[in-house]
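>>> Just to be clear, the model below is a prediction. Sequence and coordinates:
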Amino acid sequence: MARIPRLMLKSEEGIYHVMSRTALEGFVLGDVEKDYLFGLIKRFSGIFFAEIFGYCIMGNHFHLLVKMGQSDDYTDDEIKMRIGRYNSDKDKVVTNGEVPYFRDKFSNLSEFMREIKQRFSRFYNKRHERRGYFWGDRFKSVIVEKGDTLINLLAYIDLNPLRAGLASRPENYRWCSIGYHAQTGNRDGLLSTNFGLIDYEAMSEQERLTDYREFLYEKGAIEPEKGATINETIMKTERAGKYKLTEIDRFRYKTRYFTDSGIIGTKAFVRRHFEHFKDHFNTKKTKIPKEVTGCKDIYSLKNLSS
């Protein structure tokens, strides 16, 4: 039976809820795999005309809420800049003849997903010394309307770890969008809060995040047909604090730097010890120490937000 053509908006920007599941049994996406997959999402969202609203990477599947922009909104020079980011050969000269092809490619959801999934498959197979398919059937995608529909869907995505019993609070899980907001302060402006809600137009980014956290927690406290809820004690605390993330909260969500960083200390300390251990890493590039936000003069070997 022939596949039903994917629903893709051609004449306007489209927002899509994308979901893809592995073909392997069990929860095969561990910490390293989740970090790598998120790194791919982050990298290619900066190459394609992709605006990320939310994501969640679980043990055997991932969700992505993304808007694909229209190719006509970008100049030839902007396309060339993105081609430069895309090419592994940084010295390659981008010609005018390449622009039309990449203009179409960078606005295409299927191409965006293909780059992420194929590159992840190669990484996973090499790391685990295996061959064959990693992903199951082609990814699923649903066209999403801005506004109430979008924020409800984002909450559904961010509540996945809570419902699965992996976290007592949504932002305690680091491989989801609310976790990224809480742990990094939305580093590099990766995630958009332009949900299309009228009330959000006059709000600051921090106010939008607080409002979304209230929406998310109240949704998370509702008893679902299947899965866990946010317990009453946590809800009382959040309601009393009006759903704001305090500096203490932000520091608590950064504690994984002190357990997962590999090397942590001053910039000179991290650089010196990286040279000693660089043969342990699957890269020829020198790793640049990353400052731990909120901790003055403390650097980490790993960029734990990506």
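Looks like it came in fine. Numbering: from 1, shown residues only.

>>> Between the two ends of stretch 160-180, what distance do you get?
Across stretch 160-180, the terminal residues are separated by 15 Å (Cα to Cα, to the nearest Å).

>>> same question but for stretch 87-95, I mixed them up
13 Å.

>>> Next, the buried residues of it.
residue 94 (16 or more other Cβ atoms under 10 Å). (Each C-beta comes from the backbone N, C-alpha and C, glycine too.)

>>> so where's the stretch 201-306 of the chain shaky on pLDDT?
Along the stretch 201-306 of the chain, the model assigns pLDDT under 70 to residues 247-248, 250-262, 276-287, 292-296, 302-306.

>>> Which residues does stretch 135-147 contact?
Contacting residues not belonging to stretch 135-147 are listed as 3, 6-7, 9, 14-23, 65, 109, 113, 117, 121, 150, 153, 195-197 [Cβ atoms under 8 Å, 6 or more residues apart in numbering].

>>> can you rerun that using 6 Å?
By Cβ atoms under 6 Å, 6 or more residues apart in numbering, the residues outside stretch 135-147 that reach it are 7, 14-21, 23, 113, 117, 150, 153, 196-197.

>>> Any quick PyMOL command for the buried ones out of those residues?
To isolate the buried members of the contacts of stretch 135-147 in PyMOL, using 16+ other Cβ under 10 Å:
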select buried, resi 14+15+16+17+18+19+20+113+117+150+153+197
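
>>> what two of the contacts of stretch 135-147 are the furthest from one another?
23 and 197 (37.5 Å; Cβ to Cβ).

>>> Can you show me the helices along the stretch 101-250 of the chain?
Using DSSP state H, counting those that start in this stretch, the helices found in the stretch 101-250 of the chain span residues 109-127, 148-158, 160-163, 177-184, 205-220, 232-240, 247-253.

>>> Pull out the CA atoms of the one helix or strand residue 18 maps to and give them to me as CSV.
Following DSSP states H and E, one finds residue 18 within strand 14-21. Provided in CSV are the C-alpha atoms of strand 14-21 (Å, rounded to 0.1, in the frame of the first residue of the first chain):
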residue,chain,number,x,y,z
GLY,A,14,4.0,25.7,9.4
ILE,A,15,4.3,24.5,13.0
TYR,A,16,4.7,20.7,13.4
HIS,A,17,4.7,18.3,16.3
VAL,A,18,7.2,15.6,15.2
MET,A,19,7.7,12.3,16.9
SER,A,20,10.1,9.5,16.0
ARG,A,21,10.6,6.1,17.7
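
>>> quick one: strands adjacent to that strand?
Looking at strand 14-21 with DSSP bridges, its partner strands are strand 61-68 (antiparallel), strand 140-144 (antiparallel).

>>> Enumerate the positions of the last one that are buried.
By that I understand strand 140-144. 141, 144.

>>> same thing with the longest one?
Judged by neighbour count using 16+ other Cβ under 10 Å, the buried positions of strand 61-68 are 61-68.

>>> after it comes which helix or strand?
From strand 61-68, the next helix or strand downstream (DSSP H and E) is helix 76-86.

>>> tell me the angle that next one makes with helix 109-127.
20 degrees (axes from the mean of the first three to the mean of the last three Cα atoms, to 10 degrees).

>>> least confident pick among the contacts of stretch 135-147?
Here the lowest pLDDT out of the contacts of stretch 135-147 sits on residue 7, with 59.

>>> next helix or strand past the strand holding residue 18?
Assigned by DSSP H and E, the successor of strand 14-21 is helix 31-45.

>>> Next, the angle from that next one to helix 76-86.
Going by the same axes, to 10 degrees, helix 31-45 makes 160 degrees with helix 76-86.
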